[in-house]
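> pasting a predicted model and its sequence here:
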Amino acid sequence: MKRFFVRPVLLALMLSALPFVARAASLDAALACEESAHKFIADLAAQQLIDPKPMRVESNSINAFSPVRGANLNAYGFSVFAIVGYEQDDPIFRVGNGEPLAKSAYGAVVWGSDEKVQAAVTAAGSTAIVHHVAPHVTAIFCKRS
């Protein structure tokens, strides 16, 4: 009798935990810089991998988005802790109080040294810009004029 009770309870517990299971996604293809900031951000939001509301907006209009809880984003083998982007005249982005960086720009902020991230981006053949943010924090950035 115990056996028939335990199995359904375990199954119910496992099914209830599914929303909290980590969802992994590689951003390598998107960081080949062949799409718009709108597509990049909208796709991640639609997959529920990022919060669609920016956590921060820089003066140059770059919006920073947080990965949602349980999302395991990576770019060229580096762990992503923020997604950034802006596209001019696009309602999913907020405008900063300064001059926008570009008409369309997007990327990922990763844990990794500039040198290692640059080597990985170059080896992948991406045209992304690698930008130093802080010690062991680097941005991988795609920009369209």
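Now that the structure is in, tell me what you want to look at. Numbering: from 1, shown residues only.

> averaged over its residues, which helix or strand of this structure has the lowest pLDDT?
The weakest-scoring helix or strand in the chain, judged by mean pLDDT, DSSP states H and E, is helix 2-17 (a mean of 42).

> helix or strand right after that helix?
strand 23-26 (DSSP states H and E).

> and that following strand, how far out from the chain middle?
Computed by CA atoms, centre = their mean, to the nearest Å, the chain-centroid distance of strand 23-26 equals 10 Å.

> give me the contacts around the longest strand seen in the chain.
Taking DSSP state E as the criterion, the chain has its longest strand at strand 78-87. For strand 78-87, the external contacting residues (CB atoms under 8 Å, 6 or more residues apart in numbering) are 27, 36-38, 40-41, 44, 50, 55, 60-67, 72-74, 93, 100-112, 116-117, 120, 138-139, 141. For the C-beta atoms, the positions are set from N, CA and C on the backbone; glycine is no exception.

> now a ChimeraX select for only the buried ones of those.
To isolate the buried ones among the contacts of strand 78-87 in ChimeraX, judged by 16 or more other CB atoms under 10 Å, type:
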select :27,36,37,38,40,41,44,50,61,62,63,65,67,73,74,93,100,101,102,104,105,106,107,108,109,110,112,116,117,120,138,139,141
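
> the contacts of strand 78-87 in helices, which ones?
Among these, the residues falling in helices (DSSP state H) are 37, 38, 40, 41, 44, 116, 117, 120.

> perfect, that will be all.
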